[in-house]
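**Student:** Fold the following and give me the result.
(one chain, ligands or ions: 2)
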Amino acid sequence: MPRGGGGGGGRVGRLPTALAFRVLQLADPYASLGIAPAVLQKVSSLWSETLPFKFLTSAPKLNAVPPLAVDQAEVVLMGASNVGKSTLLNALLGTKLAYTSKTPGHTKMLNFFQGQRHLRVVDVPGYGFGSHQHQMTLLGDYFHNRQGHACACLLIDAKKGIKDLDLAAFSLLLEHFIPYRVLLTKADRLPVGPLRERILECEQTLTLSAQEFNPATSPVLVQPVSAKQRKGLDQVRASICEMSGLLPP
Ligand SMILES: Nc1nc2c(ncn2[C@@H]2O[C@H](COP(=O)(O)OP(=O)(O)OP(=O)(O)O)[C@@H](O)[C@H]2O)c(=O)[nH]1
Ligand SMILES: [Mg+2]
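**Tutor:** Ligands and ions are numbered 1, 2, ... in the order given. Got it, this is the predicted structure:
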């Protein structure tokens, strides 16, 4: 047994089996989705085929949103104001297409970026700054309009954890049957131990919420990412490729 393994093993040993397994999986939090290296390699070449992305348009509301072709997928990055949506988008796309700011409420429109291989990425205004009602209605209308095409990354600040508005946004995804992944942003702001705890806490809260909606829902997994340190980006790209149908599930 590795040095120090006894104490950790004992703690894990007292946990229910599924949770103990998850704790072990989180030895490297950034590999929390357990995506195999061969899949990540495949994703890397698929992703380079989606590049370059180009700015398509900004739309203040839904009736100005450009229509989608039948085979086109759209990934929306959603989350609270200042959670890091625009920064993550730029890190994923490898270019500074979206405007970022220290000031919350910076992104005010739905901003569309068109890549190759029929993939679009959308940067949306964050909730929690200004009118919550308006932001949630905009998102709800967007998902209603895009059912069957849209998938989403719900971004939660790793340091702040889940807030009521995040749960409201999560409910929108469930109500509209939108494929989703949950990301913990700015993960560089937490040391590895607290980051693991935050992942488990978010997974528990979201799983409860999802199972209230549909008791058959599988446990929700959460993926940490740091755009600043460029950690976890390949896992997010893999999730996007999977949700949008570029990568077979
Ligand atoms: N430490 C750290 N800071 C980050 C990270 N990603 C973003 N930030 C910072 O967080 C702030 C907000 O980033 P944005 O990407 O503009 O956030 P947003 O969610 O698009 O904000 P709104 O458009 O206002 O809703 C900026 O100061 C970023 O530099 C990260 O991975 N780590
Ligand atoms: Mg923004």
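**Student:** closest point of this protein to ligand 1, which residue?
**Tutor:** Going by Cβ to the nearest ligand atom, ligand 1 is nearest to residue 126 of the chain, at 2.6 Å. Where you see a C-beta, it was placed from the backbone N, CA and C, and this is true even at glycine.
**Student:** could you pull out the helices for this structure?
**Tutor:** Using DSSP state H, the helices of the chain run over residues 5-13, 17-25, 37-50, 85-93, 132-146, 164-175, 192-213, 233-243.
**Student:** for the ones you listed, which one sits closest to residue 76?
**Tutor:** Smallest distance to residue 76 across the helices of the chain (Cβ to Cβ): 7.1 Å, for helix 132-146.
**Student:** That closest one: which residues count as buried?
**Tutor:** Neighbour counts over helix 132-146 (16 or more other Cβ atoms under 10 Å) mark 135-136, 138-140, 142-143, 146 as buried.
**Student:** so which of the residues you listed would you say is closest to ligand 2?
**Tutor:** Nearest to ligand 2, judged by Cβ to the ion, of those is residue 135 at 12.3 Å.
**Student:** Beta-bridge partners for the residue nearest the centre of the chain, please?
**Tutor:** The structure's the chain has its C-alpha centroid closest to residue 153; by Cα atoms, centre = their mean the separation is 3.0 Å. The partner list for residue 153 in beta bridges (DSSP bridges) reads residue 77, residue 181.
**Student:** On the pLDDT front, check it for me.
**Tutor:** Looking at residue 153, its pLDDT is 98.
**Student:** residue contacts, it?
**Tutor:** By Cβ atoms under 8 Å, 6 or more residues apart in numbering, the residues touching residue 153 are 75-78, 88, 180-183, 236, 239-240.
**Student:** Make a ChimeraX selection of the buried ones in these.
**Tutor:** Buried residues among these (16+ other Cβ under 10 Å), as a ChimeraX selection:
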select :75,76,77,78,88,180,181,182,183,236,239,240
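**Student:** in the protein, which helix or strand is least confident?
**Tutor:** None of the helices or strands of the chain scores lower by mean pLDDT, DSSP states H and E than helix 5-13, at a mean of 43.
**Student:** on that earlier part again, could I get the helices of the chain as TSV with distance to ligand 2?
**Tutor:** Below are these laid out as TSV (distance: least, Cβ to the ion, whole Å):
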stretch	distance to ligand 2
helix 5-13	39
helix 17-25	31
helix 37-50	21
helix 85-93	3
helix 132-146	12
helix 164-175	15
helix 192-213	21
helix 233-243	16
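**Student:** Lowest average pLDDT across these?
**Tutor:** Of all those, helix 5-13 has the smallest average pLDDT, which comes to a mean of 43.
**Student:** which residues sit against stretch 49-59?
**Tutor:** Residues from elsewhere that reach stretch 49-59, judged by Cβ under 8 Å, 6+ apart: 64-66, 93-95, 97, 109-117, 119-121, 246.
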